[in-house]
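Trainee: Need coordinates for the following:
(3 chains)
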Amino acid sequence: MAMKRKIAFIDLSTGKIETQAISEKIRRKFIGGRGLDSYLLYNHTEKGCDPLGPGNTLMISGGFLTATLASATARTHIMAKSPLTGLLGSANMGGFFAPELAWAGFHHLVIKGKAEKPVYIYIHNGEIEIRDATALWGQTTTETQWSIREELGDEEIKSLVIGQAGENLVRYANVMTGIKNSGGRTGMGCVMGSKNLKAVAVRGTMDINIAQPIEALEYNKKFIEQITSSKVNQTQGTLGTPFIWGATNSWGGIRTRNFQYNQCENADEIEPEAIDDIATETIGPHHMTGCFGCQVHCRAQYKITSGPYAGKYDEGPEYTSQGAFGGEPDCKKAETVLVGNHLVNQYGVDNLEIGSIISWAMELFEKGILTTEQTDGLDLSFGNDEALLEMVHRICLRKGWLGDVLANGGIPASETIGQDSFSYLIQVKGMSNLHSDERATPALALNIATSSRGSDHLRSRPAIDLYHLPEKVLHKIYGSPVPYEGKLSSEHTAYEGKPWQVYWQENCYMAVDCLGICKYHTVFLGPTLPNFEDWPKVIKYNTGLDFTPKEIWDVAVRCNMLERLFNLREGLTRDDLKKGDTLNHRYYDEPCQRGAPDVVGSTIDREKFKKMIDEFYLHKGLDNNGIPTPERLVKLGLGDEPSHLL
Amino acid sequence: MSADDQTLSTAESLRKTRTYGKFRCHNPSCMGRLQPEAGEGQVKCPECKMEYRVHWIRPDFPRIRGPVWDVNRKLAEAALKKKLEEK
Amino acid sequence: MSNKVLKIDYEKCTGCRLCELVCAVKHDQVSNPARSRIRVVKWEAEGIYIPMACQQCEDAPCVNACPAKALTRNQEMGRVELDYDICIGCRTCVSVCPFGAMHFVPADRKVIKCDLCGGEPQCVRFCDVQAIQFVDEGEINREKGRAAAKRLRTAEGQAAALL
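Mentor: Numbers count the residues shown, from 1 in each chain, chains lettered A, B, ... in the order given. Purely as a prediction, here's the structure:
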């Protein structure tokens, strides 16, 4: 059964490999996936370790329910200290890797040290081998995967790889599997590169027993209907995630020209429907694909129609690529979005980060802070599609002065570039914001300011806050499994009640990340999608373990606290503009210029926002400085961390 | 709640509130219910006068494709001017 | 007399492999695609996914080749059936199947094949995009025929407009 999946400790410096069972006691405390990874990170790294040194530890895991009959549980989670932020590094991806890892006998890998030369790890039915990857070094993400299959003579091998961006230690290089599934954020590919680890390849044919197979099968059927009948997933299954960008742009909730405007006007060519048309033309009417076992199929397939990359097959673009290569740099050509998406997938770099950083550089160029001399003659103006794509190459290959500087991440780059460049950098804790603009939505602003891995929308965003759901419905969702009697507001502009929503979402997302479930299958974009009350059955039928909704919640609270402890240990302080729970000053000082009548003119109120953070801290059991109270730590069973149970 | 409980979860119970064929206006606080005629390509919000282009996911399932740019831009400019004057 | 068969439309397949998972759980009560009777063959670099399963052939090579006569064609049900009491596990059927749809499970030392779940194929039930359907064997081509006719009709219409 899923309970039998093991944890492997792999030391690349010494070649030593140990495996261990994961006890029920550990499962009850951290469940698995990201939650258990956060425990392992806290316990297996030293305070202040160099993110690019052998002392950093890389965790790769599947969720507790991955490869069982629980719908859409294909998520792989990757964690280490981030070379981009110096704080918590964490990335989550779909695809087919995590289930294969589970069939190969493992749920968690803990990778330490540094190999002397390029290597890859091969895991096959319980056996772990460290193999030479010299020949793979320099290959793109897909080339690497196909080469490994050829070398080992097995087409069914699933690999998690880095591309050239990871090899070149671009601080936001990602980890990839398949054509486009990416563990994108916080530079986990850079950590792999620093360890000379090109790939982890897995192949498994080992059984995972299902505790109650008939019930699991029947409940999965019901669960899938719950998920696929939601309007949001029916839209995703047709248009993919670009529909989110389209809708947000429609009312003025996206960033464009770095952070000067909140709507990309007349961008009809990069609207989701237009991109969908290209997918239909180049692939056919059935151009959607998906991750293991998922019936939402939110990922489009396409071929590039023109230009130097014409005919190239790729997948996506997700809404992040629309933002990165469309809205933010104010480029409105579909081809640019499709090519940009293809390049980041091949180089293995976070599309969101690279797009944001290039747009930041474009604003610096516009303001004269960056000169043509520094860009090596490149006209880095907004709307210059060619310059945008050229910068992607330069950053991933560290070519030219600016390419090399920007590859180090926003904050280090701002220190090199100097002047007031930092004040234009739209980041939290050193990681760039999504292409979204949260000035009209305080709840969403609170989410990015306090997210544990730096600015991020997948950590605690109450996205349904925009749906103006009746308060009765809000209380129904947010009042369980822990009673909440306080205020909840249907008004997206309100500050009251929002800290609880953000806190609830933080725990909800942690729970799905522990279980290995995709966020589109929980209360993220749709209120009717499963949450705490629905998961006990899935867990019980598949693993045999009894969890109450409250027990799942408690695990999530505990694991979120562990992430907080790690960040505090590595230097997070509340008001630090580079490492704290803060927002760029433009959120407070510059009103929205575009969008719907209810959006224009919006700013975040500094005082009210401060109170929001205070209240959020209170829910989390933190004092006003953002430091956990000893009572809360004891209550969560974290009084003695690091406790080295594993 | 035990795994065998037959009562509906919150998510399951909210399912019956889903409606097809209409959507809400994208002006956040307006959220007027718009119900375009079958196959119609454009719709105007009776509450706030915003205009939208419509895309049909299925014949019974419309969504907002995007704003009618020139109409909504004028509304935004007027709203911004008014807000700045009030400050 | 007419029976139902699996109709696979690979253009609709999203490549998710849920069919493999539910097949393994239904037959062996475990999650393990290596036990599935249906397998999705992929060309990931091109985004092409093709589910492969037993075609229940009329003149089945597996039946003809089986030295123990463990494989027989059930004419009434229109299926090829495997009798484990007779099967000697020689894997001849695995070698001769032109679709690669006979499988050998090393862990159990036995051959497996699609039995259409006794009339309610789980792969069909769980395939939301209907890439796998359970249809009357005389009707397999109906959808394709209609689609082709529609193209023809459109073309005729365009041609007529030129006259």
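
Trainee: Can you give me the neighbour number for A:Arg453?
Mentor: Neighbours of A:Arg453 under the rule other Cβ atoms under 10 Å in any protein chain shown: 24. (C-beta placed from N, C-alpha, C; glycine too.)

Trainee: so how far is chain C from it?
Mentor: Separation of A:Arg453 from chain C (Cβ to the nearest Cβ, to the nearest Å) stands at 28 Å.

Trainee: gap between that residue and A:Val428?
Mentor: Computed with Cβ to Cβ, to the nearest Å, the distance linking A:Arg453 and A:Val428 is 10 Å.

Trainee: cool, and A:Arg28?
Mentor: The gap separating A:Arg28 from A:Val428 is 33 Å, by Cβ to Cβ.

Trainee: out of those two, which sits in the busier spot?
Mentor: A:Val428 (26 against 14).

Trainee: isn't that one right up against A:Ser452?
Mentor: No. With contact defined as Cβ atoms under 8 Å, A:Val428 does not reach A:Ser452; the gap is 10.7 Å.

Trainee: residues in contact with the residue nearest the centre of chain C?
Mentor: Taking Cα atoms, centre = their mean as the criterion, C:Ala53 is the residue nearest the geometric centre of chain C, at 2.9 Å. Going by Cβ atoms under 8 Å, 6 or more residues apart in numbering or on different chains, C:Ala53 touches C:Leu6, C:Ile8, C:Arg37, C:Ile38, C:Arg39, C:Phe99, C:Ala101, C:Cys114, C:Cys123, C:Ile132.

Trainee: ChimeraX command to pick out the buried ones of those residues?
Mentor: Restricted to buried positions by 16 or more other Cβ atoms under 10 Å in any protein chain shown, the ChimeraX selection for these reads:
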select /C:6,8,37,38,39,101,114,123,132
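
Trainee: List the contacts of A:Glu615.
Mentor: So A:Glu615 contacts A:Pro499, A:Trp500 (Cβ under 8 Å, 6+ apart).

Trainee: Restrict the helix or strand encompassing it to CA atoms and write it as CSV.
Mentor: Using DSSP states H and E, A:Glu615 falls within helix A:606-620. What follows is helix A:606-620, C-alpha atoms only, in CSV (Å, rounded to 0.1, in the frame of the first residue of the first chain):
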residue,chain,number,x,y,z
ARG,A,606,-0.8,50.9,4.3
GLU,A,607,-2.3,51.0,7.8
LYS,A,608,-5.2,48.7,7.0
PHE,A,609,-2.8,46.3,5.4
LYS,A,610,-0.5,46.3,8.4
LYS,A,611,-3.5,45.4,10.6
MET,A,612,-4.4,42.6,8.1
ILE,A,613,-0.9,41.1,8.6
ASP,A,614,-1.3,41.4,12.4
GLU,A,615,-4.5,39.5,12.3
PHE,A,616,-3.1,36.9,9.9
TYR,A,617,-0.2,36.4,12.3
LEU,A,618,-2.6,35.9,15.2
HIS,A,619,-4.4,33.1,13.3
LYS,A,620,-1.1,31.5,12.6
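
Trainee: quick one on the thing from earlier: with the contacts of C:Ala53 in mind, which one is nearest to A:Ala8?
Mentor: Distance to A:Ala8, by Cβ to Cβ, is smallest for C:Arg39 among these, at 27.8 Å.

Trainee: Find the residue closest to that closest one in space, skipping its chain neighbours.
Mentor: Leaving aside its chain neighbours, C:Arg39 sits nearest to C:Met52 (5.4 Å; criterion: Cβ to Cβ, 6 or more residues apart in numbering or on different chains).

Trainee: and the one you found, how many residues sit next to it?
Mentor: Other residues near C:Met52 come to 16 when the count uses other Cβ under 10 Å.

Trainee: list the contacts for it?
Mentor: By Cβ under 8 Å, 6+ apart, the neighbours of C:Met52 are C:Ile8, C:Ile38, C:Arg39, C:Val40, C:Val41, C:Phe99, C:Gly100, C:Ala101.

Trainee: longest single helix anywhere in chain B?
Mentor: When chain B is parsed with DSSP state H, its longest helix is helix B:69-86.

Trainee: and A:Ala72, what helix or strand is that in?
Mentor: Under the criterion DSSP H and E, no helix or strand holds A:Ala72.

Trainee: correct me, but it touches A:Lys519?
Mentor: No. A:Ala72 is beyond contact range of A:Lys519, at 9.6 Å (criterion: Cβ under 8 Å).

Trainee: A:Phe292 reaches A:Trp103, doesn't it?
Mentor: No. A:Phe292 is beyond contact range of A:Trp103, at 10.7 Å (criterion: Cβ under 8 Å).

Trainee: still on that earlier bit, quick one: buried residues of the helix holding A:Glu615?
Mentor: For helix A:606-620, burial by neighbour count (16+ other Cβ under 10 Å) applies to A:Phe609, A:Met612, A:Ile613, A:Glu615, A:Phe616, A:Tyr617, A:His619, A:Lys620.

Trainee: Spatially nearest residue to the last one (excluding sequence neighbours)?
Mentor: What it means is A:Lys620. Counting by Cβ to Cβ, 6+ apart, the residue nearest A:Lys620 is A:Tyr503, at 6.4 Å.

Trainee: That neighbour - that's part of a strand, no?
Mentor: No. Read with DSSP: H, G, I helix; E, B strand; the rest coil, A:Tyr503 is helix and lies in no strand.

Trainee: All the strands of chain C, in order from the start?
Mentor: For chain C, the strands defined by DSSP state E occupy C:4-8, C:30-31, C:39-43, C:48-52, C:71-74, C:79-82, C:103-105, C:110-112, C:132-136.

Trainee: Kindly report the same for chain B.
Mentor: Using DSSP E, strands in chain B cover B:23-24, B:33-34, B:42-44, B:51-58, B:61-67.

Trainee: want to throw the ones you listed into TSV with distance to chain C and mean neighbour count?
Mentor: Listed next are the strands of chain B as TSV, based on distance: least, Cβ to the nearest Cβ, whole Å; neighbours: other Cβ atoms under 10 Å in any protein chain shown:
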stretch	distance to chain C	mean neighbour count
strand B:23-24	24	19
strand B:33-34	29	16
strand B:42-44	27	16
strand B:51-58	14	17
strand B:61-67	16	22
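
Trainee: show me the contacts for residue 73.
Mentor: Went with chain A since none was named. A:Thr73 neighbours (Cβ under 8 Å, 6+ apart): A:Gly63, A:Leu65, A:Thr66, A:Ala67, A:Pro99, A:Gly293, A:Leu515, A:Gly516, A:Ile517, A:Cys518.

Trainee: I was thinking of chain C, sorry if that wasn't clear
Mentor: By Cβ under 8 Å, 6+ apart, C:Arg73 lies in contact with C:Glu58, C:Ala60, C:Val63, C:Arg79, C:Val80, C:Glu81.

Trainee: One more: A:Ile17?
Mentor: A:Ala8, A:Phe9, A:Ile10, A:Asp11, A:Ile128, A:Ile130.
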